[in-house]
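*Asks:* predicted structure and sequence below. I'll ask about it afterward.
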Protein chains: 2
Amino acid sequence: MSDAVEKAERFRALHRGPPPLVLPNAWDVPSARLFEDAGFPAVATTSAALMASLGYPDGERMPRRELLSAIRRIATRLAIPLSVDLVAGYGRGPRAVAKTVEQAVRAGAVGVNVEDVEPARRTLAPVRAQVAKVKAIRAAAEAIGVPLVLNARTDAFRFGEGDDAARLRETIDRLAAYRDAGADCVYPMGLADGESIGAVVRALDCPVNVMVRAGLPSVPELERLGVKRVSFGPYGAYAALGLLKLASAEVRERGTYTRLLEGAITHDELNALAVPRRRSSREGS
Amino acid sequence: MSDAVEKAERFRALHRGPPPLVLPNAWDVPSARLFEDAGFPAVATTSAALMASLGYPDGERMPRRELLSAIRRIATRLAIPLSVDLVAGYGRGPRAVAKTVEQAVRAGAVGVNVEDVEPARRTLAPVRAQVAKVKAIRAAAEAIGVPLVLNARTDAFRFGEGDDAARLRETIDRLAAYRDAGADCVYPMGLADGESIGAVVRALDCPVNVMVRAGLPSVPELERLGVKRVSFGPYGAYAALGLLKLASAEVRERGTYTRLLEGAITHDELNALAVPRRRSSREGS
C-alpha cells in the first residue's frame, strides 16, 4: 500500500490551499485520463455518471462488485490520486460501510465521498447514524494504514425541513458533527450562492467542498470565500451528453456534422486516453 | 431469438433507402440511449471509443469477454436495433470469427462490422482469408436463424499499396469480393470525397456505408451519390472528449464553468439514459 499512502498524502496536501483544489469528476477511463492530461492534480468520480455509463441509475442499484471494478479500472490508468463517490457507503450499518471503503481503497481510491441520504428513500439519514459511519470509515482507514481523505457530504439543504435559513443551519450542524467524527473535508450539497457558502466556511474550521452548478461563484471568488475544494460533480458528463444531443439534432435536421467535427480529438488522442500516461509525456508537461 | 429476428429485419430494411440510414455510433449505455431518444432508428457501436471507455486501446486487446459484456449492457437498454463493431472478428480463422459473431448476436447485436486489417500488425489481411471470414459469418447467422446485417469493411484505401487511384481500385475489388461472399453492406474506410464515394457506389450493386470525417459531403449530398448508410464512427466520442478538454482549460485558466454548464443535460435526463426507454415516452415521440 505504499503507493496508496503516498497518493493519499499528496491528495490530502491539496486541501491545504489557497488556491482551492479544483477536482474534476470522471466516469470512465478516458474522462479521467483527459482530466489528468489537462493538468488537474487529482481526479474524483461522479457516481451519477459512472453508474449511468454502465446502465444503472444513480443511487446504490449498481452491484458493489461492478462499482469496485469501475474504480479499479480508472485507478489503474491514473498516476494522480483518485477519490471515489461511494453514495451512502453501500451498507446498512457502519461496519458494512467501512468494509466498502476498505474495498475501494484496495481498488485504488485514496479519497472517498459518503453522503447522508438513504439511497432507496431519498430522505436524510439520522445524524447519529451518519456520525457512526464517518467514525467507522476513519477507523477502517487507520487500520489499513492509508491516510484516506474522507469528504462527508450532507444533503440537508435539499432534503431538510423548513425554509432556506433552517436548512442552512441544519447543513452546518451536520457538517460540524461529521468533521468532529473524523471527516477531512465537508460537502454541503446544493449550495451555489456566495453568501451561504461563506457562512458554511466561517462556521466550520475545516476544508469545505462545493460543486459546480449554475450560479456558483468563479474559482477566484470561491478562494476569497475560503473554499478549499471545488468539484465538477456530474457536469462533465451532463455537458458531453448535451453536446451529443445538439450534434444529433444537427445531423438529423440538416444532415451536417459541424458539432461532431469541431473541437474533436483524434484517434491517437483517444487511444492515449485509454491507457496510463506515458512517462515521457508526464515529464514533458 | 424472435426479438432478434424482428430487430434484424427492421435493421435490414433501413438499408433500402433513400434516404440513407444515418447510424450514430455509441460506446456506453447513455450515449446509445441518447441516440435512441434523438430519434435515430438504430445504433451501432464504435470499437475505438467503447474499448477506450473501459481502458483498452483500439484493436483486439480488450478481452472478448469484456467486449461481449459491453454489447449486452448496451443491447439490453435499447429498444431499437444494435449493430456492433467486432474489429477483425476476434479470431484467427473463419471458424473463430463466426463464433464471435454468434456470441455477439446472443448478446443482443443484430448487425456486425468486420474489417480486413490484422489487428496486431495494422496490415491488410489477404482477400481470400477475409472472404472466408465473411462466408463463415453468413453461415453462422443462418445457422442461428437471425438475418444478421453484415457490414464488411476494407481498409485498403488506408493500408493498400500505390497511389490514390490504385488504392481506390483495390477498395472496390475487395468490397465486391466481400459482397459476393455474403456481406449485406460494404464499408470503404477512409473515403471522404464525393467523387471516390460515387465511384464505389456505382461499381458495387449493394448498400455502401461511409463514415463522418472532415470533408464528408452532407447527408443529402450522400443520398444523391447513392450512399445507403452514414455512420458517425468514433466522432461522437471525439467531440464529447474535445468539449471536456475545452471545459478543463476554461476552468483551469479562468476559473469559470461556462462550457460545463451551457447545453448540459439534467440529472433526471442522465438517469433516464441509464435504463431502457419508458414505453410512455416512446409512444410520445
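*Replies:* Looks like it arrived, so ask away. Numbering: from 1, shown residues only, chains lettered A, B, ... in the order given.

*Asks:* who in the stretch 1-150 of chain A is up against chain B?
*Replies:* A:22, A:24, A:28-31, A:34-35, A:38-40, A:48-49, A:51-58, A:73-74, A:76-77 (C-beta under 8 Å from any C-beta of the partner chain). Placement of C-beta: from N, CA and C, glycine included.

*Asks:* which of these are buried?
*Replies:* By neighbour count, with 16 or more other C-beta atoms under 10 Å in any protein chain shown, the residues of the stretch 1-150 of chain A next to chain B hold A:22, A:24, A:28-31, A:34-35, A:38, A:40, A:48-49, A:51-56, A:58, A:73-74, A:77 as buried.

*Asks:* partner strands of the helix or strand harbouring A:Asn113, parallel or antiparallel?
*Replies:* Following DSSP states H and E, one finds A:Asn113 within strand A:111-115. As defined by DSSP bridges, the strand partners of strand A:111-115 come to strand A:82-85 (parallel), strand A:149-154 (parallel).

*Asks:* would you list these in a markdown table and tack on mean neighbour count and mean pLDDT?
*Replies:* As requested, the strands paired with strand A:111-115 are arranged in a markdown table below (neighbours: other C-beta atoms under 10 Å in any protein chain shown; pLDDT from 0 to 100):
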| stretch | mean neighbour count | mean pLDDT |
| --- | --- | --- |
| strand A:82-85 | 27 | 98 |
| strand A:149-154 | 26 | 98 |
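
*Asks:* chain neighbours aside, what residue packs nearest to A:Val22?
*Replies:* Spatial nearest neighbour of A:Val22, excluding adjacent residues (C-beta to C-beta, 6 or more residues apart in numbering or on different chains): A:Val230 at 5.1 Å.

*Asks:* local confidence estimate at that neighbour?
*Replies:* Looking at A:Val230, its pLDDT is 98.

*Asks:* what's it in contact with, if anything?
*Replies:* Contacts for A:Val230 (C-beta atoms under 8 Å, 6 or more residues apart in numbering or on different chains) come out as A:Pro20, A:Leu21, A:Val22, A:Leu23, A:Asn209, A:Val210, A:Met211, A:Val212, A:Leu216, A:Val219, A:Leu222.

*Asks:* farthest pair in those?
*Replies:* A:Leu21 and A:Leu216 (15.2 Å; C-beta to C-beta).

*Asks:* neighbours of A:Glu195, just the number please.
*Replies:* Counted with other C-beta atoms under 10 Å in any protein chain shown, residues neighbouring A:Glu195 total 9.

*Asks:* now do A:Arg61
*Replies:* 14.

*Asks:* list the contacts for the residue nearest to it when sequence neighbours are not counted?
*Replies:* Distance criterion C-beta to C-beta, 6+ apart; nearest residue to A:Arg61, sequence neighbours excluded, is A:Met51 at 7.6 Å. A:Met51 is in contact with A:Pro57, A:Asp58, A:Gly59, A:Arg61, A:Met62, A:Leu67, B:Ala274, counting by C-beta under 8 Å, 6+ apart.

*Asks:* please tell me how far A:Met51 sits from A:Pro220.
*Replies:* 33 Å (C-beta to C-beta, to the nearest Å).

*Asks:* how about A:Leu124?
*Replies:* Counting by C-beta to C-beta, the gap from A:Leu124 to A:Pro220 is 33 Å.

*Asks:* and those two? Which one has more around it.
*Replies:* Per other C-beta under 10 Å, whichever of A:Leu124 and A:Pro220 has more neighbours is A:Leu124, with 21 against 13.

*Asks:* that one and A:Ala88 touch, don't they?
*Replies:* No - contact criterion C-beta atoms under 8 Å: A:Leu124 and A:Ala88 do not qualify, at 10.6 Å.

*Asks:* intersection of neighbour lists for the two?
*Replies:* What both A:Leu124 and A:Ala88 touch, as defined by C-beta under 8 Å, 6+ apart, is the set A:Asp116, A:Val117, A:Glu118.

*Asks:* quick one: pLDDT of the second one?
*Replies:* In this case it means A:Val117. A:Val117 is given a pLDDT of 95.

*Asks:* in chain A, where is pLDDT below threshold?
*Replies:* A:279-285 (pLDDT under 70).

*Asks:* hey, where'd the strands end up in it?
*Replies:* Here chain A has its strands, by DSSP state E, at A:21-23, A:25-26, A:43-45, A:82-85, A:111-115, A:117-118, A:123-124, A:149-154, A:185-188, A:209-211, A:229-231.

*Asks:* so which of those strands is nearest B:Ser83?
*Replies:* strand A:25-26 (28.1 Å).

*Asks:* for that closest one, name the packing helices and strands.
*Replies:* helix A:29-37, strand A:43-45, helix A:235-254 (3 or more C-beta pairs under 8 Å, 6 or more residues apart in numbering or on different chains; DSSP states H and E).

*Asks:* recalculate using a threshold of 7 Å.
*Replies:* Packing partners of strand A:25-26 (3 or more C-beta pairs under 7 Å, 6 or more residues apart in numbering or on different chains; DSSP states H and E): strand A:43-45.

*Asks:* list the strands paired with the strand it packs on, with their directions.
*Replies:* strand A:25-26 (parallel), strand A:82-85 (parallel).

*Asks:* so which bits of it are buried?
*Replies:* A:Val43, A:Ala44, A:Thr45.

*Asks:* can you give me the neighbour number for the closest residue to chain B within the stretch 101-250 of chain A?
*Replies:* Proximity of the stretch 101-250 of chain A to chain B (C-beta to the nearest C-beta) peaks at A:Val219, 3.1 Å away. Applying other C-beta under 10 Å, we find 19 residues neighbouring A:Val219.

*Asks:* against A:Asn209, how distant is it?
*Replies:* 13 Å.

*Asks:* same check, this time on A:Thr100
*Replies:* In terms of C-beta to C-beta, A:Thr100 sits 20 Å off from A:Asn209.

*Asks:* which stretches in chain A count as helices?
*Replies:* A:2-13, A:29-37, A:47-53, A:64-75, A:94-106, A:127-144, A:156-159, A:164-181, A:194-203, A:219-224, A:235-254, A:258-261, A:267-272, A:279-284 (DSSP state H).

*Asks:* show me what the fifth one packs onto, helices and strands only.
*Replies:* This points to helix A:94-106. helix A:64-75, strand A:111-115, helix A:127-144.

*Asks:* tell me the most buried of those?
*Replies:* strand A:111-115 (a mean of 25; mean count of other C-beta atoms under 10 Å in any protein chain shown).
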